[in-house]
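J.: sequence unavailable; structure follows:
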């Protein structure tokens, strides 16, 4: 790996990194931003996504030696001074480590289900529109050994820069796929042998009494509205019992409790 010095923020070789926050909003046409050393290591270590280039502060390069050894031959590694980095990004980049990842072809949810082991725990996310929550759900999924995250088409993009950062790279590690039509997807999970539990403050069963299964799908809904009533009516519901008069638990925290419980009890 031969570092490539860049001293002009308008150099076309780093055009993909320009105005990061604005590009977060309008999209990157099949690309995503990986930010920070841990996330870069996850990108270079994984099989699903590939890196297009790396952009790093000159004073961070030496500390990335082991990580960059995992990079494919010929991967461009652009090195810049702090002032140039900030002008490229459009704001102060204190981490000083960025990479452009390539999304590749989306994997259909049913195709992902076909790859899962006989004993499997999956998260089914419905309407998760907050990138912090999405990132945290992926982080928890990785921490407690979930085999996949499956998202309906109203969920936000887990490869959004902030979601990846909050997930500490887990969004690049845990397999995921999207689906349309929740009713049809519940039937798909039945065909694949999954029992399905929906997490709700009004759940029928306290999670401490809920027993897992060889194949279990755990549904999580958006904060406030929660899961749709027509979905709750079709699934077994479980609750995390809280203090009297208070039933509001962040969906990210709820996912950690539930995943911990079912990863230990059901598997």
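T.: Right, received. Where do you want to start? Values in this document were obtained by computation on a predicted structure and should not be read as measured data.

J.: how about the helices in the chain?
T.: Remark: helices assigned in the chain by DSSP state H are 20-26, 37-45, 65-68, 82-89, 109-114, 131-143, 161-166, 182-191, 229-232, 251-265.

J.: please identify the deepest-packed of the ones you listed.
T.: For those, the largest average neighbour count (mean count of other Cβ atoms under 10 Å) is found in helix 131-143, namely a mean of 24. Using the backbone N, CA and C atoms, a C-beta is placed for each residue, glycine as well.

J.: ok, and what's touching it?
T.: 123, 125, 128, 146, 149, 155-158, 160, 162-168, 170-171, 173-174, 176, 220, 223, 250-252, 255-256, 259 (Cβ atoms under 8 Å, 6 or more residues apart in numbering).

J.: how about a cut-off of 7 Å?
T.: Residues from elsewhere that reach helix 131-143 (Cβ atoms under 7 Å, 6 or more residues apart in numbering): 123, 125, 128, 149, 155-156, 158, 160, 162-168, 170-171, 173-174, 220, 251-252, 255-256, 259.

J.: please apply the same query to stretch 168-187.
T.: 38-39, 42-43, 46, 49, 106-109, 112, 126, 135, 138-139, 141-142, 146, 148-153, 158-159, 163-164, 196, 231, 234.

J.: can you get me the start-to-end distance on it?
T.: Length of stretch 168-187, first residue to last, Cα to Cα, to the nearest Å: 33 Å.

J.: heads up, I number from 637, so please use that
T.: Let's use 637 as the start, then, which means that last one is stretch 804-823.

J.: check the offset of it from the chain's centre.
T.: Offset of stretch 804-823 from its chain centre (Cα atoms, centre = their mean, to the nearest Å): 10 Å.

J.: tell me which helix or strand of this structure sits lowest on mean pLDDT?
T.: helix 656-662 (a mean of 82; mean pLDDT, DSSP states H and E).
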